[in-house]
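*Asks:* 3D model of this:
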Amino acid sequence: MSDLFRPREDAQIADLIRQYPLAWVTARGATPAAASPLPLLADVDGQGRVVTLLGHMARTNPLVAALEADPRALILFQGPQSYISPNWAGERTWGPTWNYAVITIEAEIQLRPDLNDHALERLVNAVEQNHHQPWKVAEMGPRYEKLVQYIVAFEAKVTRLDARFKLGQDERPEIFANILDALGPDDELAGWMRRNRDI
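*Replies:* Predicted coordinates for the structure are as follows:
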């Protein structure tokens with residue numbers, strides 16, 4: 001992959017996972033294939049690199065048995081994305097394209113039922129933090145102890161990570177500016193494009 005489409009800094013990878021936590025988790029050794037969309041939280045090292053992911057799933061999810069048999073997993077995150085029309089570029093001879101930010105992670109997953117409470121608490125706190133009245137796990141009362149038995153937490157140790165942020169870095173400044181105008185100032189993809197272009 002061209003270095004042009006790599007994230008400019010490790011923090012962008014962790015930020016994308018934080019903003020778009022729902023990932024496809026697939027068991028690499030499973031036949032038939034086992035895959036499920038699951039929300040994940042990233043843990044980083046001292047340099048800001050993603051080293052582990054924390055999540056949970058239903059105990060009845062086919063991924064549980066697949067990962068018990070073979071812990072290797074492929075995890076796919078998709079951030080902001082959009083078709084980019086030549087109309088937006090302002091140049092009819094320009095070819096259409098697609099802008100996107102994605103992360104592919106190879107990992108080894110360890111099921112950690114001992115982390116069920118921790119995983120749920122962290123996820124709820126992360127996704128509720130911007131709500132006017134953030135909901136807390138404790139509000140479930142006695143129901144929590146019944147329902148938590150039906151899930152299993154897991155840690156995914158990252159063994160390989162590849163991020164591709166194709167965000168118009170190769171466009172001429174005037175075309176890039178036209179695309180941003182077409183997307184609008186509040187568009188999430190436009191924000192990520194600016195971040196990768198010093199705008």
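*Asks:* so A14 sits in a helix?
*Replies:* Yes - per DSSP: H, G, I helix; E, B strand; the rest coil, A14 lies within a helix segment.
*Asks:* was I right to think it contacts D45?
*Replies:* No - using C-beta atoms under 8 Å, A14 is not in contact with D45, being 10.4 Å away. Every C-beta, even on glycine, is put in place using the N, C-alpha and C of the backbone.
*Asks:* just want to know which of these two has more residues nearby.
*Replies:* A14 (19 against 10; other C-beta atoms under 10 Å).
*Asks:* what residues are up against the more buried one?
*Replies:* Counting by C-beta atoms under 8 Å, 6 or more residues apart in numbering, A14 touches A42, V44, G48, V50.
*Asks:* tell me how far it lies from A73.
*Replies:* 19 Å (C-beta to C-beta, to the nearest Å).
*Asks:* and what of D3?
*Replies:* 27 Å.
*Asks:* show me which of the two is the more surrounded one.
*Replies:* Neighbour totals were compared for D3 and A73, and A73 leads with 26 against 6 (other C-beta under 10 Å).
*Asks:* so that one bridges to which residues?
*Replies:* A27, A107 (DSSP bridges).
*Asks:* my guess is it contacts L111. True?
*Replies:* No - in this structure, A73 is not within contact of L111 by C-beta under 8 Å, at 11.4 Å.
*Asks:* return every residue with contacts to both of the two.
*Replies:* Common neighbours of A73 and L111 (C-beta under 8 Å, 6+ apart) are L67.
*Asks:* show me the shaky parts of this structure.
*Replies:* 1-2, 199 (pLDDT under 70).
*Asks:* show me where it has helices.
*Replies:* 10-19, 62-69, 86-89, 116-128, 143-147, 173-183, 188-195 (DSSP state H).
*Asks:* in stretch 36-45, what's buried?
*Replies:* In terms of neighbour count (16 or more other C-beta atoms under 10 Å), stretch 36-45 has its buried residues at S36, L38, P39, L40, L41, A42.
*Asks:* can you redo those residues as TSV with distance to G90?
*Replies:* Formatted as TSV, these follow (distance: C-beta to C-beta, whole Å):
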residue	distance to G90
S36	42
L38	41
P39	38
L40	39
L41	40
A42	37
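*Asks:* inside strands: which ones of the residues you listed?
*Replies:* S36, L38, P39, L41, A42 (DSSP state E).
*Asks:* can you put those residues in TSV and add distance to F165?
*Replies:* TSV is the format used below for those (distance: C-beta to C-beta, whole Å):
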residue	distance to F165
S36	25
L38	22
P39	21
L41	21
A42	16
